[in-house]
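J.: I need the structure of the sequence given here:
(one chain, ligands or ions: 1)
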Amino acid sequence: MPHFCFHDELNDLLRPELRDRVFEWPCAERATAKHAIEALGVPHTEVGRVLVDGRPAGLGHLLQATDSLDVFPTEAMRPAPGDPAPRFLADAHLGGLARRLRLLGFDTELARDAPDRSLAHLADGDGRIVLSRDRELLKHRRVARGRYVRARTTEEQLREVVAHFGLREGIRPFSRCLECNALLRPAERGDIAGRLPPRVAAEQTEFTLCTGCGRVYWPGSHWQRLKAVVSEYSTVPTDRSANAEPGS
Ligand SMILES: [Zn+2]
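T.: Numbering: from 1, shown residues only. As a prediction, this is how the structure comes out:
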């Protein structure tokens, strides 16, 4: 039987008795490394280097009974200046995370209850990184890039994704609609007259308009709470660019 050893954070995804040790695992004839690794609970999107008997191998490697595999996680991304920001597709259960990524300016679609197959298709066609806590989805062959989100709370999930994908330099807070993901643009009071509650119309002077759903944002009290979230990630002053209050 082939031997396996999973390294570092991949151990999170194994059954407890298989963690942090070398173990034997029976494989079907002509099984590939991908088959075996995914059967053990680790989606291919989580896997970086694979060594067979100490030599680099691909996930398509056909397993031999004498093989000894070392499986390492994907490394955290370190984007170079000028690299385009990654774009994401969050599964339906990660709506809070999707809104937080939009708050930081990252293009993040939310898949609402799409079956795995169509969701994978969407990610494949659009080049998006799939964020999910559903391992079966991440095992889909059409999901080229993804992340099994370990953290359970929205704020911890955001920290995990920002760190793993090296997002800090690409943060553009309050540039994107929290509801529909489209870009926001500055709006004149005249553009939105009649759509504001009287108190807001009297007190606020800065507005932004969603270019997708038409929602109007202004820096109200909810915005103060969002600003606290943003300030954890950004050293850029938010006062000039920050116009986000889910309003109308
Ligand atoms: Zn919108």
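
J.: helices of this protein, residue ranges please.
T.: 33-39, 95-103, 116-126, 135-139, 154-164, 198-203, 221-231 (DSSP state H).

J.: as a markdown table, the ones you listed with distance to residue 187 and mean pLDDT would be great.
T.: (C-beta placed from N, C-alpha, C; glycine too.) Below are the helices of the chain laid out as a markdown table (distance: least, CB to CB, whole Å; pLDDT from 0 to 100):
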| stretch | distance to residue 187 | mean pLDDT |
| --- | --- | --- |
| helix 33-39 | 48 | 96 |
| helix 95-103 | 18 | 97 |
| helix 116-126 | 29 | 75 |
| helix 135-139 | 38 | 93 |
| helix 154-164 | 27 | 96 |
| helix 198-203 | 13 | 86 |
| helix 221-231 | 15 | 85 |
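
J.: which of those is buried the deepest?
T.: Mean neighbours per residue, mean count of other CB atoms under 10 Å, is largest over these for helix 95-103, with a mean of 22.

J.: how far is that one from where the chain is centred?
T.: 9 Å (CA atoms, centre = their mean, to the nearest Å).

J.: domain parsing for the protein?
T.: 3-73, 88-170, 175-248 (automatic domain parsing).

J.: helices and strands around the helix or strand of the chain with the lowest mean pLDDT, which ones?
T.: Least confident helix or strand, the chain: helix 116-126 with a mean of 75, by mean pLDDT, DSSP states H and E. The helices and strands touching helix 116-126, judged by 3 or more CB pairs under 8 Å, 6 or more residues apart in numbering; DSSP states H and E, are strand 88-90, strand 129-132, helix 135-139.

J.: extract the CA atoms of stretch 39-59 and return them as CSV.
T.: Taking C-alpha atoms only, stretch 39-59 is exported to CSV below (Å, rounded to 0.1, in the frame of the first residue of the first chain):
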residue,chain,number,x,y,z
ALA,A,39,-10.6,10.4,-0.8
LEU,A,40,-8.8,11.3,2.4
GLY,A,41,-10.7,14.5,2.6
VAL,A,42,-8.3,17.1,1.1
PRO,A,43,-9.6,18.9,-2.0
HIS,A,44,-7.1,19.4,-4.8
THR,A,45,-7.4,23.2,-4.4
GLU,A,46,-5.6,22.9,-1.0
VAL,A,47,-2.6,21.0,-2.4
GLY,A,48,0.6,22.7,-3.4
ARG,A,49,3.7,20.4,-3.8
VAL,A,50,3.4,16.6,-4.0
LEU,A,51,6.6,14.5,-3.5
VAL,A,52,6.7,10.8,-4.4
ASP,A,53,9.7,9.2,-2.8
GLY,A,54,11.1,12.7,-2.3
ARG,A,55,10.8,13.7,-6.0
PRO,A,56,8.2,16.3,-7.3
ALA,A,57,5.2,14.7,-8.9
GLY,A,58,1.8,16.0,-10.1
LEU,A,59,-1.7,15.2,-8.9
